Each structure stands twice: as structure tokens, then as C-alpha cells.
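[1] Please find the sequence and the predicted model below.
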Amino acid sequence: MKKVILLVITIMILTLTGCTPYTKVTIYTTPIGAEVYSGNTLLGVSPFVIEPRINSNVCIPDTIVAKWASGAEANEEVNVCAGYAYTYNIQRPKHKNLDADLSQASIMTQRLKIAQYQQEIERRAQVKELGKTIKAIFSGGSTTNSYSNHSTSSISSSNTNDYKYIGNSGTKYKYDLNDDSDRIKYEYDLDAQFNDEMNANPGVEIDNDFGQYGGGNSGW
């Protein structure tokens, strides 16, 4: 029975994909943040990944152009064949206003960190739901969390109103360490300090990059 199901799934996948080989192209620029074009078509802002649909045994040559905020441009000759993965890194040529491009790269770096943080939150939520479903299947019961009355979030150990400071990443903190009075309170709050040491929250690093420093973070 399992073999029949696997065969049906395989046929469905082949039907939907049309047997087109998977092709992946990753584009970087140095510095990042440049717009990359193929002719007059904007492919994306580096770094980015595209997955072109190319028929088997077909290769597509092209010239892509990276354009930075300063006006600097650089060309890259590419040749993309079906069924392969490619990585290209286009280097910025010597050009005036390098500071403008470095500033754009810094902004893009922050956006990427926030996007990665949000993706990680979504991934953890999906894993949690999958775990609940699997548990329900094997236990033959409901998908309701048997620990629903006992939250495992670090917020549950304290009144949520205590988390009055919110960073750009969305992470909540009990203390604003940019504030002198909050910083003193944090020095005497051993529980909050211990919580921060034990809580590996990537949102804290993102907030620090923005010059936002909090103590007693709420965790995931």
C-alpha cells in the first residue's frame, strides 16, 4: 500500500513540474545592495536567489549588470544550464562615492538579519505545530497541547506588562539599558541576568546592531 502511495505522489510531482530540472542561481555583489539586471529586467537586489525554469539539455548565456547607488556598474558573463546550481559574485569597480554603496550595504545587512529572524520564528512555529500533530496521531487524541495551562515562554514567569521596552526585532525587554535608572535596576535583578544568559535569542543581536540594548528579554 505504501509503495502505491509513493508512486502516486511521484507521478503527481512529475506532472506538476513537467519534469523540468531544478536550476538555482545565487547572485552576490561586493558590496551587497546592488540592483542586478538582465537587459532592462531587474532580477533582484543582491544577495538573492532565482530558480529559472529551463528545459533539459538547454543552456542560456547572458550578461547581467550590477548597478550600485553611487552609479558604479559592473558586468558579468553567465551561462546557466538546466539542472545545475550556480553562484556569481560581482565586484564593484573603482568608482566615486564608495560611502554611499557601503551605507546601502549596511541597510541591506540589517534587513537580511530581520528577515532571517522572522523566518526562524516561522520555522519554529511550524515545527511546534508538526510536533503536536505527530503526537496526536500516535496518541490517538486531540492536537490540543496538554501543557496549555502552563506556558513554557519566559514571559509566563512575570507579568507581561513588565516588558515595556520593544526593540526593532520585536523582542521585548524588562529593562532599557540605554536608560541609567533601568540599567541600575537590571544590575540588581539576578533573575533577569540569568534569563539573558540562558536565552539564545537572535533578536537581541539585531537590536544591538541598531544601538538598542535591553535586559531581561522575553525569549522566543
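    Arrived safely, thanks for sending.

[2] Any regions of this structure where pLDDT drops low?
    For the chain, the stretches with pLDDT under 70 are 1-20, 131, 134-135, 138-161, 220.

[3] Helices of that one, residue ranges please.
    2-17, 98-139, 180-188, 190-198, 202-209 (DSSP state H).

[4] For Cys59, which of the ones you listed is the nearest?
    Checking the helices of the chain against Cys59 by Cβ to Cβ gives helix 2-17 as the closest, at 19.6 Å. Bear in mind the C-beta positions are built from the backbone N, C-alpha and C, glycine included.

[5] Could you chop the chain up by domain?
    Domain ranges of the chain: 2-96, 153-220, per automatic domain parsing.

[6] mind checking which of these is nearest Ile114?
    The minimum distance between Ile114 and the domains of the chain falls on domain 153-220, with 6.1 Å, by Cβ to Cβ.

[7] picking that back up, in CSV, list the helices of the chain along with mean neighbour count and distance to Thr23.
    Converted to CSV, these look like this (neighbours: other Cβ atoms under 10 Å; distance: least, Cβ to Cβ, whole Å):
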stretch, mean neighbour count, distance to Thr23
helix 2-17, 9, 12
helix 98-139, 13, 23
helix 180-188, 14, 52
helix 190-198, 14, 44
helix 202-209, 18, 31
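
[8] could those go into JSON lines alongside distance to Phe48?
    Rendered in JSON lines, the data for the helices of the chain read as follows (distance: least, Cβ to Cβ, whole Å):
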{"stretch": "helix 2-17", "distance to Phe48": "22"}
{"stretch": "helix 98-139", "distance to Phe48": "10"}
{"stretch": "helix 180-188", "distance to Phe48": "40"}
{"stretch": "helix 190-198", "distance to Phe48": "34"}
{"stretch": "helix 202-209", "distance to Phe48": "20"}
